[in-house]
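**Student:** what's the 3D shape of this:
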Amino acid sequence: MLVVLLEASDQLMMKPARIVRRQIWRESGLSLGSRSVPEETAVALTYNGGTYAVMMTTPQDLEDFAVGFSLSEGVISSAADIESLDIVPLDDGVELRMWLRKPKADRLRERRRHIAGPTGCGL
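**Tutor:** Down below sits the predicted model:
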């Protein structure tokens with residue numbers, strides 16, 4: 001059973017996009033309107049206390065993002081491998097703190113010894 005904890009969830013309720021005004025100049029003249037611009041934030045994925053990756057993403061459906069990322073990276077075989085997931089808003093992003101069940105946690109700890117640290121944005 002996957003347990004998801006949200007801390008300070010009001011801070012997390014950022015809209016996935018915002019509407020901004022726009023102006024377009026064309027041969028026929030000025031055109032006014034609006035357009036949708038996606039919002040993104042840094043999201044750190046941690047497993048059993050160790051940071052694995054930091055991604056830029058919209059701050060919506062973070063539980064699905066955590067499970068999907070973990071599956072695609074081969075960290076887990078199914079969502080049942082995640083014992084708990086804490087979604088923690090931070091001043092400069094969001095941390096997805098996952099605790100894996102024992103066999104997967106041991107496998108990830110061994111795997112971390114052999115992977116090079118990726119570069120990118122950090123929290």
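**Student:** which secondary element of the chain has the worst mean pLDDT?
**Tutor:** For the chain, scoring each helix and strand by mean pLDDT, DSSP states H and E identifies helix 9-12 as the least confident one, at a mean of 46.
**Student:** Now do the strands in this structure.
**Tutor:** Per DSSP state E, the chain has strands spanning 3-6, 17-26, 29-38, 41-47, 50-57, 82-90, 93-100. These are given in chain order.
**Student:** how close does residue 83 sit to residue 59?
**Tutor:** Between residue 83 and residue 59 the distance is 23 Å, computed by C-beta to C-beta, to the nearest Å. Placement of C-beta: from N, CA and C, glycine included.
**Student:** ok so, going back, redo the strands of the chain as a markdown table? Include mean neighbour count and distance to residue 70.
**Tutor:** A markdown table is the format used below for the strands of the chain (neighbours: other C-beta atoms under 10 Å; distance: least, C-beta to C-beta, whole Å):
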| stretch | mean neighbour count | distance to residue 70 |
| --- | --- | --- |
| strand 3-6 | 12 | 14 |
| strand 17-26 | 10 | 26 |
| strand 29-38 | 9 | 23 |
| strand 41-47 | 21 | 8 |
| strand 50-57 | 15 | 9 |
| strand 82-90 | 18 | 7 |
| strand 93-100 | 21 | 7 |
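**Student:** what about these, which gets the closest to residue 73?
**Tutor:** Nearest of these to residue 73, taken as C-beta to C-beta: strand 50-57 at 7.7 Å.
**Student:** How about residue 19: what's its closest non-neighbour residue?
**Tutor:** In space, not counting the residues next to it along the chain, residue 19 is nearest to residue 34; the distance is 5.1 Å by C-beta to C-beta, 6 or more residues apart in numbering.
**Student:** before we move on, what about residue 33?
**Tutor:** Distances taken as C-beta to C-beta, 6+ apart place residue 22 nearest to residue 33, at 5.6 Å, with adjacent residues excluded.
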